[in-house]
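**Q** with the sequence up front, the predicted model follows.
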Amino acid sequence: MRLPGRVGDAAELRKSLKQLLEKRRRARINQSLSQLRGLVLPMLGAETSRSSKLEKADILEMTVRFLQEQPASLYSTTASGPLDGYLEGYRACLTRLAGLLPACNVLEPAVSARLLEHLRQRTVSGGPPSLTPPPAPAPAPFPPVPHPGTPGLWRPW
């Protein structure tokens, strides 16, 4: 690409760059809408083969409808407190893990059961662990360095 030599060339360059940027913007929008369709349609139970030709407005309307049908607690920031939200999320993760862990056979069944029981106990014992790290242990004092002329310290030189 050459540098513009005249005013007309600069205007032409701006025009072509603007078209290119607009094309990229539309491509991003279309890609996001495609991803949105792929996420929302299975949750709504709609057939993807029949709905492959959905208009953009249809995808957005279905998404809005889906979000309106969700319980407000899932995406509301007005929970009764941060601890309640933490515990709710912790319990949801624990429920998913309890269904997933035995099915994937990553751990032995006894270890898996112990792990799940430990995690369940954390919800009963009062919530999340402390978010502040424990205090660092005091550094061990260095032993006193003896004076170089002190007897009892053997040196090969």
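**A** That came through fine.
**Q** for the record, mean pLDDT for stretch 89-106?
**A** Looking at stretch 89-106 alone, the average pLDDT works out to 84.
**Q** pull out the buried residues from it.
**A** Leu101 (16 or more other Cβ atoms under 10 Å). From N, CA and C alone the C-beta is placed, and that goes for glycine too.
**Q** kindly report the same for stretch 57-76.
**A** Neighbour-count burial for stretch 57-76, counted by 16+ other Cβ under 10 Å, picks out 59, 62-63.
**Q** out of those, list just those in strands.
**A** Using DSSP state E, no member of those falls within strands.
**Q** would you mind checking which helix or strand in this structure has the lowest mean pLDDT?
**A** Within the chain, no helix or strand scores below helix 72-75, which has a mean of 58 by mean pLDDT, DSSP states H and E.
**Q** sec struct for Leu54, please.
**A** coil (DSSP: H, G, I helix; E, B strand; the rest coil).
**Q** right, and it touches Arg37 too?
**A** Yes - between Leu54 and Arg37 there is a contact under Cβ atoms under 8 Å: 6.3 Å.
**Q** pLDDT below threshold where in the protein?
**A** Within the chain, the ranges that satisfy pLDDT under 70 run 1-7, 46-52, 72-82, 125-157.
**Q** and it, split by domain according to the record?
**A** Domain assignment for the chain by automatic domain parsing gives 7-70, 79-126.
**Q** quick one on the thing from earlier: CA atoms only for the next helix or strand after the least confident helix or strand of the chain, dumped as CSV, please.
**A** Sequence order places helix 82-104 as the next helix or strand after helix 72-75, per DSSP states H and E. Taking only C-alpha atoms (Å, rounded to 0.1, in the frame of the first residue of the first chain), the coordinates of helix 82-104 have been written out as CSV:
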residue,chain,number,x,y,z
PRO,A,82,-22.4,-11.2,49.2
LEU,A,83,-22.1,-14.3,51.4
ASP,A,84,-25.5,-15.5,50.3
GLY,A,85,-24.5,-15.2,46.7
TYR,A,86,-21.3,-17.0,47.4
LEU,A,87,-23.0,-19.9,49.2
GLU,A,88,-25.6,-20.2,46.5
GLY,A,89,-22.9,-20.4,43.8
TYR,A,90,-20.9,-22.9,46.0
ARG,A,91,-23.9,-25.1,46.4
ALA,A,92,-24.7,-25.0,42.7
CYS,A,93,-21.1,-26.0,41.9
LEU,A,94,-21.2,-28.7,44.4
THR,A,95,-24.4,-30.1,43.0
ARG,A,96,-22.8,-30.2,39.5
LEU,A,97,-19.6,-31.7,40.8
ALA,A,98,-21.6,-34.4,42.6
GLY,A,99,-23.2,-35.5,39.4
LEU,A,100,-20.1,-35.1,37.3
LEU,A,101,-17.3,-36.5,39.5
PRO,A,102,-18.6,-40.1,39.8
ALA,A,103,-19.4,-40.3,36.1
CYS,A,104,-16.0,-39.3,34.8
